[in-house]
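>>> Could you look at this predicted model? Sequence included:
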Amino acid sequence: MLVAVIYQRTQTNMSKEIREGTCYQSGISSSSVTEDVIEEIPAPKASPFSEPLTVPAAVKFVFFDLESTGLARTSHITQMAAVYGDKKWSTYVFSKQPISKGASDITDLSIAGNRMYHHGKEVVSSSVSCAIEGFLSFLQIPSS
């Protein structure tokens, strides 16, 4: 049993080391990293556009925002919102992942049992697939 636990931990650490790189390795410390420290992001050496970018007047931008259960890679979406021209859309997404304290402090979203709350008031929420279908409908893009 103990061998299986050690093997699982080793496999998990190896997986994280591969994904996260040198900084996740066991026994790493700040003195082990020999890369130069960048104190300020340098200005770009050249403009990405050779001439000013012009956008046709008929183009409307879609601005969207996602709220999530936290900042981890395993975080789930808890709210989606978008603005397109004069149209606005928002929906809550019920997550099976617990909402971190930090995310809850920022968004004031919480889950108790199978109910979702915003500012302490119960809100209607849906699955992420229903939320994405709603977003596509908002944009009038048929889902396939």
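Here it is on my side, so go on. Numbers count the residues shown, from 1 in each chain.

>>> gap between the two ends of stretch 67-85?
Length of stretch 67-85, first residue to last, C-alpha to C-alpha, to the nearest Å: 21 Å.

>>> which residues are contacting it?
If you take C-beta atoms under 8 Å, 6 or more residues apart in numbering as the criterion, stretch 67-85 is touched by 60-66, 88-93, 95-100, 102-103, 107, 109, 116, 128, 131-132, 135, 138-139. (Each C-beta comes from the backbone N, C-alpha and C, glycine too.)

>>> Separate out the buried members of these.
Buried residues within the contacts of stretch 67-85, defined by neighbour count using 16 or more other C-beta atoms under 10 Å: 89, 91-93, 95, 99, 103, 107, 109, 116, 128, 131-132, 135, 138.

>>> Mind checking which of the residues you listed land in strands?
In this view, the buried ones among the contacts of stretch 67-85 that belong to strands under DSSP state E are 89, 91-93, 109, 116.

>>> Out of those, flag the one nearest to K45.
W89 (39.8 Å; C-beta to C-beta).

>>> hmm, back to that, out of the contacts of stretch 67-85, which sit inside helices?
102-103, 107, 128, 131-132, 135, 138 (DSSP state H).

>>> Return the member of those residues nearest to S47.
Nearest member of those to S47, counting by C-beta to C-beta, is F135, at 33.4 Å.

>>> tell me the SS of the nearest residue to that closest one once chain neighbours are set aside?
Nearest residue to F135, sequence neighbours excluded (C-beta to C-beta, 6 or more residues apart in numbering): M80, at 6.0 Å. On the three-state scheme (DSSP: H, G, I helix; E, B strand; the rest coil), M80 is labelled strand.
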